[in-house]
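Chemist: need a structure here:
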Amino acid sequence: MTGFDDARRKMVESQLKTEDVTDRAVIAAMGDVPRERFVPAHLRDLAYIDRDLRVRDAEGDAPARYLMEAAPMARLFQLAEFRGDEFVLDVGTGTGYSAAVLARLAGSVVALEPDEALAEQAAETLADLEADNTVVEVSALTDGYADEAPYDVIFVGGAVDEVPQALLDQLRDDGRLVTVVGHGRAGRATVFVRSGDVVGSRVAFDADVPPLPGFRKESAFTF
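Modeler: Residues are numbered from 1 along each chain as shown. Okay, here's the model as predicted:
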């Protein structure tokens, strides 16, 4: 067993199982995917600590990007209630870790990333890990990826102010979208479920996760 293998096992035992992650498929997937492959080289020894890891610094108008802490990510995956055959849209894949885990939970995955350099890195790492049921597309996250819709599950991998209608419209009937609505202590992990033309939502737990670019609601001007 390598040091990373041991760290991954400890992550599952001390971070996931202690935070009400009970889904065996989620536990197995996150216990299998080498998280250290999806962070910069200087952070690999920290890949399994219980915090968000910055995988790209802010540059110009582009905000910093993060690999979400393992426990809230696992709980969001669990919230989607995977059966194993779903067609998934992974919104904001970053370096590709979420897509790698989703590839083990679902049938196939379309991973979206607006940053071309991150998207290229994600595609290369996923190919190296033989995640052949994934494809990485460069696209604005709020638009989703209508060319391949509808999806059984949409995973939005970060905090948002609100979920754009464009994403909800890409859900299949009985499809689920999971994300965190709100920021910091106001963040709420939420699952949206389509039933015909109606999309309902349910708050599942509190979650403080990094924001995704493009999902900030413009402040309305008031007197």
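
Chemist: Buried residues of the helix or strand encompassing residue 119, list them for me.
Modeler: Here residue 119, judged by DSSP states H and E, is contained in helix 116-128. Buried residues in helix 116-128, defined by neighbour count with 16 or more other CB atoms under 10 Å: 118, 119, 121, 122, 123, 125, 126. C-beta here means a position set from N, CA and C on the backbone, and glycine is covered the same way.

Chemist: and of those residues, the nearest to residue 7?
Modeler: Distance to residue 7 across these (CB to CB) is lowest for residue 125, with 18.1 Å.

Chemist: pretty sure the closest one is touching residue 94, no?
Modeler: No. Applying CB atoms under 8 Å as the test, residue 125 and residue 94 come out as separate, 10.8 Å apart.

Chemist: following the helix holding residue 119, which helix or strand comes up?
Modeler: Sequence order places strand 134-137 as the next helix or strand after helix 116-128, per DSSP H and E.

Chemist: and the next element down the chain from the helix or strand hosting residue 30?
Modeler: Using DSSP H and E, residue 30 falls within helix 24-32. Note on helix 24-32: by DSSP H and E, the next helix or strand toward the C-terminus is strand 53-56.

Chemist: Which residue, neighbours along the chain excluded, lies closest to residue 10?
Modeler: Nearest residue to residue 10, sequence neighbours excluded (CB to CB, 6 or more residues apart in numbering): residue 48, at 6.9 Å.

Chemist: all strands for the protein, in order.
Modeler: In the chain, the segments counted as strands under DSSP state E are 53-56, 65-67, 87-91, 108-112, 134-137, 151-160, 171-181, 188-195, 198-206.

Chemist: Please identify the deepest-packed of these.
Modeler: Mean neighbour counts were compared across those using mean count of other CB atoms under 10 Å; the top stretch is strand 87-91, at a mean of 27.

Chemist: Many thanks, I have nothing further to ask.
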